[in-house]
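Undergrad: Sequence and predicted model, in that order:
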Amino acid sequence: MEGNWQLARKRPMLEKRARIVQAIRAFFIARQFLEVETPQRIPANAPELHIDAIASGDWFLQTSPELCMKRLLAAGYEKLFQICRCWRDGERGNRHLPEYTMLEWYRAGTDYQLLLTDCEELLAALCAASQLKWQGQTIDLRRPWPRLKIAEAFARFSDTPLTEALKEGRFDEIISLQIEPQLPADRPVFLTEYPSQHAALARKKPGDPAVAERFELYIGKMELANAFSELTDPAEQRQRFSNEEQQRRVAGKPPYPSPEPFLKELASMPDAAGIALGIDRLVMLLCDAERIDQVVPFCPEDL
């Protein structure tokens, strides 16, 4: 019988990946986080304009475990993490798969500032040398990592003012095409204080409602994680979901149901912060892999 040599040659990479996932799990267990497993097939995801779910019968495959994990926070759980499969339709490229592995963790009684430290400490646990080499670039992981407010990033790297980008609906486009390519390659960077129009499920900053308590982490100019101080106002969250759903329909996308159990329980959720980090991209960075295909056993085209 003829073996699959392309699959066989991935073994060293897959062994590294397994050790990384084991180390991530150990990191959170040592910090008294409870590991949970929530359903991956659900009746409704959080509606977002640029994220398309994959249907599974009358339900959907999850685009994120966040709604179920926040319901656990509302029920009194304080520190949670999960490593799970997520799905997003139409996402495929050197850094994207329609089915991928996500790490999410949540802390009750805090805001997103503590998650900045979590990220730094997690990478320190995974890279004892305080640096990594990725695609010919040495990345210095010594803490603290630079913080860059979105308004400052637009002022430094964009040819369009932030207010104009928001008015024209070009915010995401400019982030991808102008700002990301000019971020530091040799240091991780946190992009912070997103405009409230792009708050998603984040709360607005007290005293400055024009921005949300949200950050994204970039390493090697690659987006790795997205974090919030969580919005706990069910009326505001319902309105945001309604606005996103309206934008989806204007764009000709299929309608999504509202996640009613989540909205019903949101009022019971304490102040909290949560973050989603892409495991596949993290493995790319730690294993010096150019393409996401290199760090998973099978891609859609292999099946």
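TA: Cool, got the structure.
Undergrad: what pLDDT does Pro297 get?
TA: You'll see Pro297 listed with a pLDDT of 96.
Undergrad: Give me the below-cutoff pLDDT ranges for the protein.
TA: Low-confidence segments of the chain (pLDDT under 70): 1-2.
Undergrad: For it, which segments are assigned as strands?
TA: Secondary structure of the chain, counting by DSSP state E: strands at 34-35, 41-42, 55-56, 59-61, 79-87, 99-108, 131-134, 137-140, 147-149, 189-195, 204-205, 208-219, 222-229, 272-278.
Undergrad: Those strands: which one's closest to Leu67?
TA: When the strands of the chain are compared by Cβ to Cβ, strand 41-42 sits nearest Leu67, at 7.4 Å. C-betas here are computed from N, CA, C, even on glycine.
Undergrad: ok so, going back, and of the strands of the chain, who's closest to Gly3?
TA: In this view, these are compared for proximity to Gly3 by Cβ to Cβ, and strand 99-108 is the closest at 24.4 Å.
Undergrad: Could you write out the alpha-carbon coordinates of the closest one in PDB?
TA: Provided in PDB are the C-alpha atoms of strand 99-108 (Å, rounded to 0.1, in the frame of the first residue of the first chain):
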ATOM      1  CA  GLU A  99     -12.600  25.000  10.600                       C
ATOM      2  CA  TYR A 100     -10.000  26.000  13.100                       C
ATOM      3  CA  THR A 101      -9.000  25.700  16.800                       C
ATOM      4  CA  MET A 102      -9.800  28.500  19.200                       C
ATOM      5  CA  LEU A 103      -8.600  29.200  22.800                       C
ATOM      6  CA  GLU A 104     -10.900  31.400  24.800                       C
ATOM      7  CA  TRP A 105     -10.600  32.400  28.400                       C
ATOM      8  CA  TYR A 106     -12.700  34.600  30.700                       C
ATOM      9  CA  ARG A 107     -12.200  36.300  34.100                       C
ATOM     10  CA  ALA A 108     -15.000  37.600  36.300                       C
END
